[in-house]
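1. this one's structure only:
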């Protein structure tokens, strides 16, 4: 029998502190059911995982990010991007219309596809996307906002992120299409090309910070000593690996629509495609969050008066957004590499950079 | 068809969530990227920087599965009809279809072609948009109309006001005039009509010496053209000798002329040289006459590889067997349900009519065509088996593929390396050669312009120059300069279209948008001159249709300065982007020898190191009076081809600048007095006298071949006239892209799978131009 | 002859090009050289010579069939009006807007407008009868302004003006060279009466000469509009179209 009071008091002891809302929340917390609910929502692990920067923020990002991307790339291209749907707000609800349309459209499962896997994989993809957020630290030095404190937090995150391509491979396999097949093989090739430098870079940061606990990682970046300043090479390599991992241009090789017609997702339609389409953005979000935590000081930033600990989460999301926007805008700047060239970059330049980054970390560790 | 349309609307209107369905569908019409013909050029503009269809929530999406909207761009040929059926079937419900361009409606200028179908018989079409090509605004009007339809607004986009005509019977039974076309029933067809010109004595003697005993006659047929008549048996030997001893190293055209009343075929090869400087402008015609029954001739592919695809084409059109060519007996351009041997005279296409008969039902306006029923993919089981046995996979690409255009190429890929690429052109084969045989000379001006709607003036110029050469008309100086300006503007247009596609193939949408933006500027100028965005039809034999005002010339002059700013941006972001360089450099190399062997033309030939530009070797219009240079390169790779063309465009801008300066000081007529005859008032504007001046042109007897340097290379028109009819007896068009197809496939060998798009883009392959 | 060579790019060049590509993109995000026309809320202003939908003026038509003959797409068919004269109809399902017909019209009965953005629900509507071509049609106008492309020596700029662009251009109808039909060889006439039957204006008449029992044809040059149909149809080819003095 769970002692409900013990649970509540556990949650009450670990609340997100928002001074502005405190007078409003206090009477509500004393109410029976509403109180429990608010206690749950403001319970730090729940808050981080579900609200910010977790699931809810991810959902909003998925609706807003493609819009930002389309608008900014449009601007770069001497045009305007989505607009007429809501002229006064510059078409911000465009993605809502697109996703609703996907939702209402027929889902075609062609007869050669593996029916159950074909439908399951886009949904299952949420598992490796959401689980890394369990270890994310959206707080700042000395003030962690983290669902689960674990000494192996980073390793677990990396392991889960490395699981993502498996689902894309599954999607491609279940599609049973020539282009899906080629795209999947491309994804598999790229997977190894970026994953190794990626893991080595994270290793470099673990060496540098001397811990793989996400709380410790953020603590090690106090003040302006963000990871990007402590080890810029690692940050660069991480960024390139991230672009590659999310198949953004110039490494949009597995999904190249002119070459392999969206590769693994070629047979998807309706909401199934909608889910497959956002897979890339989900991964981008998780990786950007990881980058923010590893290199951009987590949620560190000036405290916004009245928001207390919430301001850390806001800073964290903002930084993540900046990384996302930079990554998304590469679409307007670069064409795509060929597979063999990307592999060369992955196994050559990036691997070397990653190893140098480890050496840098070792040296920095000795000096400091 | 109606029930499909209604079914779509039923889905949208069903359920309690109908308002959301409507709203979402309205603002999220994603057209699938199903480019079918030349209106695709204007589609590109509608979704590029100039109009930006994305504003309306209409995002062009590559794949049928994810889209809910097809914009059919113009002609649906019999081959493409199958793809259309298939693509439409692949799309999830609810889905909508718009047809743009007259060809997709009642056939437009190709209304009586043997190879087109009506999209409305194949898929349920929601809206038809008139125009040829349509304007981007019209396309977006179609999108708006579809949006309105989805939310249930039913209104007409155009409302005509009826004005009753006066009702007094003034005239009794009247005779309806007959067709203006005159066909000579049994004309004498001669390819080698002797003409007295001050040229070629030496060459003639030389040829006579070398071909001693192998020829029947050698005739000089005009300035820099000579015809050799030989026999079926000697043909190969003659070809061998010409190839080896005269260095005539490529075939410009393979042509078959059927003369049914004399029961013979004339098979001719027009050859020329890329290596011997004096022979470069010379067109040597080698022809034989063979009987109508079981026509058979030895293939010359072993001597001139460049004849390969043209021989296959002629085999398909006429049934002449080129013995030794591997493609005999196979379908190449035509679909299985296209009538057999369509270019033979006995195959008749529907006749024009000029009178709307009283109470005629409107559905009779269309030429009835059966829609196709099967899916036709000419890849045999054995081919796939063989590939699998060799550990290769077979990947067919196109015609519906985000990066294929209207072409199907079947690859055999080993690992990532292309072992073999088999092209399948003909998805936009609109049978121009057959149609031209049934139309007045002047009516063929817009017809041949539709070869390449993104390079319209050069296409015009090629045809019009052929007529002028035949009629012996000198174009007035002012018109010459104006035509040069327009041709060069058109060349810039062609390049920026191709570069846009090139960047799109690399996934670089910004490069595409920038290219299209620059095109939009050029189009603005060209539209000021001609009144049409991409289908000017402005050049006529003897000059141009009307004079161009100084305001427009000033605009043109400004363009030559203003264009550089945006060109620089395009170069910064795309051309010299390290990724572009990595993708294009050293890829798809065609050596000089290979380029000559495959008969590559134009800038692509020059990129392989051959200094061959018709504007220099046989100058026409005002090119010899202006200061400009030919650009060549040595690399012969994708980057070389692309940069070569870019440098050429900069020369074009220079040409335009000089020509505009020159033309301002030249006053005078823009139409030659020779052609105007008594309509001298029309010398600066043809308005009001067009048909009377041009309607009844008759070309002198003989074959008239003219080569022109179009945006993508040599454009060859070969008109055979009988000297009596006011329609051509036969027109042979060899477009640059058609000649480049062989080299394109050659450059693919050994490349990687992803290099296909680099090579494709670098060749600027434009299927409507190739398929004709 | 200009040689274009593609050099080997070393790491320094590559870095330079990376920077220039990125900086161009960044510049465009901050200060874009936007050229978008917000159709349907605004339209591009086409030049006056733009070739769009065609209007017809029956007053000026001489029923010469030339528009129909010259049409490359065979989109113009002549239809008999109640008065017995033939006037053009236009099938926009075929029309390619080359305006050969407008340029051919000797009386200036056809003229161009700047209407071009139309979508039809079915193809039957695309067939435009003579009666519908006389008055300018009304199209859906959602535009509140128009855009002009202005190209100066620096760059292309967009000039936006409020108000509706006029789509019907006022240009004086052009007139072809006035012609008249003339018989050059009366002796060869076989009196087949084709010229009389084909004449739109009633200028050709036949007279039976009772005495000689032959039919004489007569062309009234006052009535003759110079449409040239009799010249075209004459079975003996003895008629000529000559300039009206």
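-> Received the coordinates, thanks. Keep in mind the model is a prediction, meaning the values are calculated, not measured.

2. who touches the most centrally placed residue in chain C in this structure?
-> Centroid check for chain C by CA atoms, centre = their mean gives residue C:99 as the closest residue, at 2.4 Å. Residues near residue C:99 by CB atoms under 8 Å, 6 or more residues apart in numbering or on different chains: B:531, C:51, C:54, C:112. All C-beta atoms are positioned from the backbone trio N, CA, C, and that covers glycine.

3. How much space separates residue A:329 from chain B?
-> The gap separating residue A:329 from chain B is 10 Å, by CB to the nearest CB, to the nearest Å.

4. Ok, residue C:152 next?
-> Counting by CB to the nearest CB, the gap from residue C:152 to chain B is 6 Å.

5. and if you look at residue C:15?
-> Using CB to the nearest CB, we find residue C:15 at a distance of 8 Å from chain B.

6. Could you list the low-pLDDT ranges of the stretch 101-250 of chain B?
-> B:167-173 (pLDDT under 70).

7. where exactly do the strands run in it?
-> Per DSSP state E, counting those that start in this stretch, the stretch 101-250 of chain B carries strands over the ranges B:116-117, B:127-129, B:158-159, B:215-222, B:225-230, B:250-259.

8. Ok, chain C next?
-> All strands of chain C, identified by DSSP state E, fall at C:2-4, C:42-44, C:54-56, C:76-80, C:86-91, C:110-112, C:127-128, C:138-139, C:145-151, C:156-162, C:179-183, C:204-209, C:214-219, C:239-243.

9. out of these, which comes closest to residue C:10?
-> Taking CB to CB, strand C:2-4 is the member of the strands of chain C nearest to residue C:10, at 19.3 Å.

10. list the buried ones in that closest one?
-> Buried positions in strand C:2-4, judged by neighbour count with 16 or more other CB atoms under 10 Å in any protein chain shown: residue C:4.

11. What's the separation between the residue nearest to residue B:698 when sequence neighbours are not counted and chain A?
-> Once flanking residues are discounted, residue B:698 sits nearest to residue B:726: 5.1 Å by CB to CB, 6 or more residues apart in numbering or on different chains. Taking CB to the nearest CB as the measure, residue B:726 and chain A are separated by 47 Å.

12. how about the residues of chain C that lie near chain A?
-> Chain C comes close to chain A at residues C:21-22, C:25, C:28-29, C:32-36, C:38, C:41, as judged by CB under 8 Å from any CB of the partner chain.

13. Let's see that with 7 Å instead.
-> Residues of chain C that fall close to chain A, judged by CB under 7 Å from any CB of the partner chain: C:21-22, C:25, C:28-29, C:32-36.

14. and chain B, which of these contact it?
-> Within the residues of chain C next to chain A, those near chain B by CB under 7 Å from any CB are C:21, C:25, C:35-36.

15. In helices, which of these fall?
-> Among those, the members falling in helices (DSSP state H) are C:21, C:25.

16. contacting residues for residue A:28?
-> Listed by CB atoms under 7 Å, 6 or more residues apart in numbering or on different chains, the contact partners of residue A:28 are A:34-35, A:38.

17. Three-state assignment for it, please.
-> Following DSSP: H, G, I helix; E, B strand; the rest coil, the label given to residue A:28 is helix.

18. Now render the contacts of residue C:99 as JSON lines, adding neighbour count and pLDDT.
-> Formatted as JSON lines, the contacts of residue C:99 follow (neighbours: other CB atoms under 10 Å in any protein chain shown; pLDDT from 0 to 100):
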{"residue": "B:531", "neighbour count": "26", "pLDDT": "86"}
{"residue": "C:51", "neighbour count": "24", "pLDDT": "87"}
{"residue": "C:54", "neighbour count": "23", "pLDDT": "89"}
{"residue": "C:112", "neighbour count": "21", "pLDDT": "87"}
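
19. hmm, back to that, per-residue confidence for the residue nearest to the centre of chain C?
-> With respect to pLDDT, residue C:99 scores 88.

20. Name the nearest residue to the residue of the stretch 151-300 of chain A found nearest chain C, sequence neighbours excluded.
-> Shortest the stretch 151-300 of chain A-to-chain C distance, computed as CB to the nearest CB: residue-wise this is residue A:250, at 10.5 Å. Once flanking residues are discounted, residue A:250 sits nearest to residue A:334: 3.7 Å by CB to CB, 6+ apart.

21. With residue A:311 instead?
-> residue A:304 (3.9 Å).

22. what's the offset of stretch B:640-648 from the middle of its chain?
-> 21 Å (CA atoms, centre = their mean, to the nearest Å).

23. Correction: the previous question concerned stretch B:121-132.
-> From the chain centre to the centre of stretch B:121-132 is a distance of 22 Å (CA atoms, centre = their mean).

24. Residue B:727 against residue B:443, yeah?
-> No - contact criterion CB atoms under 7 Å: residue B:727 and residue B:443 do not qualify, at 8.7 Å.

25. mind listing the helices in the stretch 251-368 of chain A by residue range?
-> In the stretch 251-368 of chain A, the segments counted as helices under DSSP state H, counting those that start in this stretch are A:257-260, A:270-295, A:310-333, A:339-344, A:351-367.

26. For residue B:127, which of those is the nearest?
-> Closest to residue B:127 of the helices of the stretch 251-368 of chain A is helix A:270-295 (CB to CB; 24.0 Å).
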